[in-house]
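Chemist: Using only what follows, build the 3D model:
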Amino acid sequence: MEAKRRKELLEAARRFAEEVVRPQAEELDRRMDPADCFSWELVEQGDAFGLRTLTLEPAYGGAGADTLTTAMAIEELARGDLGIAVVFAQTLKIIQALQKAATPAQKERFLPRFKEDPRFLLAIGITEPETSSNYIIPYDHPEAPFQTNAVRARGGWILNGRKHFISNGNRARLYLIFAQTRLGVSLVEGSTCFLVEQGAPGFTIGRVHDKLGERLTNNAELIFQECFVPDENVLGEVDGGFEVLARFFPASNAYAAASVLGVAEEAYQRTLQWTRTRVQGGRSLLEHDLIAATLAEMKMWLDAARAYVYQAAWAADHAEAWDPTLGALPKVLASQVAWKVVTTAFELHGGYAFMRDMKTGMEKLLRDAATFLHSDGANQSLLLKAARFIRRSEGVPTWMPYLEAAA
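Modeler: The predicted structure is shown next:
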């Protein structure tokens, strides 16, 4: 993307986070009912800033942002609030996948509606009560199908089952639902991706999960009871659902990593300001060498994680440079770095961090930082996923893909 245009988009994301999201985030986060933490007003205002349609192709009225620009924008949003960043990140990555995997007819049915409706969010239904790490690693065994299933019917499919922990689950207009369509094989071989619209007969929303952090995103259960899905709503090939995941979602891990990195960056910036103004021992905290060295280490870890995220985001758009471990490891590193940075920031604020009424924001950042140790794939599962690719690797020099890409 042209540098000037990228800068404009990132400045819009920063202004929205600073001027619109941050002033409302704390109050929304504290609401008792998890469904009430979500704000349509913020979604609509984000749409007015051009953020909801950031990855939509220009032919349909979007900005057509590449994955690197989008990851940068998500980090900016997460500095305002992690939940808001995830609301938009889910939609941005699913639109990217939809544009790549959908038929021309599917694009014409859904993309203009997406552009025109400022409340058109998207969700993806994969995780089930008994199916989570099985698809992350994945576990390719007949004992491990999706429990949600779809059987042939005249003109389409009958969908039954339950998904849970689904981001935007109770708010989306359109869902990508993965269901088992072939018995006796694993979810890797026998699943299909279906496009299911909000309000489809037989599709209802279950509970909205009450979460520790990331509260401005609603995560919910999706329940399917004899839900009819027409043939024209199959995304990709029948029994080829896992191919949709593997081919069309390379950016997902980078976006999750960018989200939690924004939380860590916010904690670092607040701590830098705190240590400049808080006086102990006759000097500001930052003038004490031990504190200054701690801040330097925080910055070092943040910059290292950010470089890894940017590498993954860039490679997601350059297939010749793609390393499959980039679909797993950047989020692991970013979440570990975020936890280290935020807990260190918490300690440097002392008792002020622990007290909500002191308005440091550290308590909320700590809860938010915990989110991506598990979300978008538990870290141990992602490490096992990456280990599979490492075992199959052929020892190609790490710099080789970048030379090929540059050529």
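Chemist: any chance you could map the strands in the stretch 101-250 of the chain?
Modeler: Under the criterion DSSP state E, counting those that start in this stretch, the stretch 101-250 of the chain carries strands at the ranges 122-125, 149-153, 156-167, 174-180, 191-197, 203-208, 219-230, 234-235.
Chemist: nearest to Ala328, of the ones you listed?
Modeler: strand 122-125 (17.3 Å; C-beta to C-beta). Every C-beta, even on glycine, is put in place using the N, C-alpha and C of the backbone.
Chemist: got the contact list for the closest one?
Modeler: 90-91, 94-95, 98, 114, 148, 163, 166-169, 171-178, 196, 222 (C-beta atoms under 8 Å, 6 or more residues apart in numbering).
Chemist: For Asn253, find the nearest of the strands of the stretch 101-250 of the chain.
Modeler: That would be, of those and by C-beta to C-beta, strand 122-125, which comes in at 13.8 Å.
Chemist: so what strands line up beside the closest one?
Modeler: Strand pairing for strand 122-125, determined by DSSP bridges: strand 174-180 (parallel).
Chemist: I'd like the mean pLDDT over stretch 270-283, please.
Modeler: When pLDDT is averaged over stretch 270-283, the result is 97.
Chemist: distance between the ends of that stretch?
Modeler: Stretch 270-283 has an end-to-end distance of 18 Å (criterion: C-alpha to C-alpha, to the nearest Å).
Chemist: got the buried residues for that stretch?
Modeler: 270-272, 274-275, 278 (16 or more other C-beta atoms under 10 Å).
Chemist: who touches that stretch?
Modeler: 284-286, 288, 291, 295, 298, 344-345, 348-349, 360-362, 365.
Chemist: give me every residue that touches Leu159.
Modeler: 148-150, 177, 179, 194, 196, 202-203, 224, 226-229.
Chemist: Give me the phi and psi for the residue lying farthest from the centre of the chain.
Modeler: Distance to the chain centre peaks in the chain at Gly282, reaching 44.2 Å (criterion: C-alpha atoms, centre = their mean). Here is the backbone geometry of Gly282 (degrees, to the nearest 10): phi 80, psi 0.
Chemist: Same question for the one 5 residues further on.
Modeler: The phi and psi torsions at Glu287 (degrees, to the nearest 10) take the values phi -80, psi -10.
Chemist: from here on, count from 206
Modeler: Noted, 206 is the first residue going forward, which turns the last one into Glu492.
Chemist: what about it, how many neighbours?
Modeler: A total of 14 residues lie near Glu492 under the criterion other C-beta atoms under 10 Å.
Chemist: Would you map out the domains in this structure?
Modeler: Using automatic domain parsing, the domain parsing of the chain gives 208-324, 328-444, 455-611.
Chemist: The second one: end-to-end distance?
Modeler: Terminal residues of domain 328-444 are spaced 20 Å apart (C-alpha to C-alpha).
Chemist: And for Val570, the neighbour number?
Modeler: Heads up, residue 570 is Leu, not Val. Using other C-beta under 10 Å, Leu570 has 25 neighbouring residues.
Chemist: The one 3 residues further on now?
Modeler: Asp573 sits with 33 neighbouring residues when counted by other C-beta under 10 Å.
Chemist: ok, now Thr499?
Modeler: If we define neighbours as other C-beta under 10 Å, then Thr499 has 19 of them.
Chemist: Which element, helix or strand, includes the spatially closest residue to it that is not a sequence neighbour?
Modeler: Distances taken as C-beta to C-beta, 6 or more residues apart in numbering place Thr549 nearest to Thr499, at 6.4 Å, with adjacent residues excluded. Element membership for Thr549 (DSSP states H and E) is helix 534-553.
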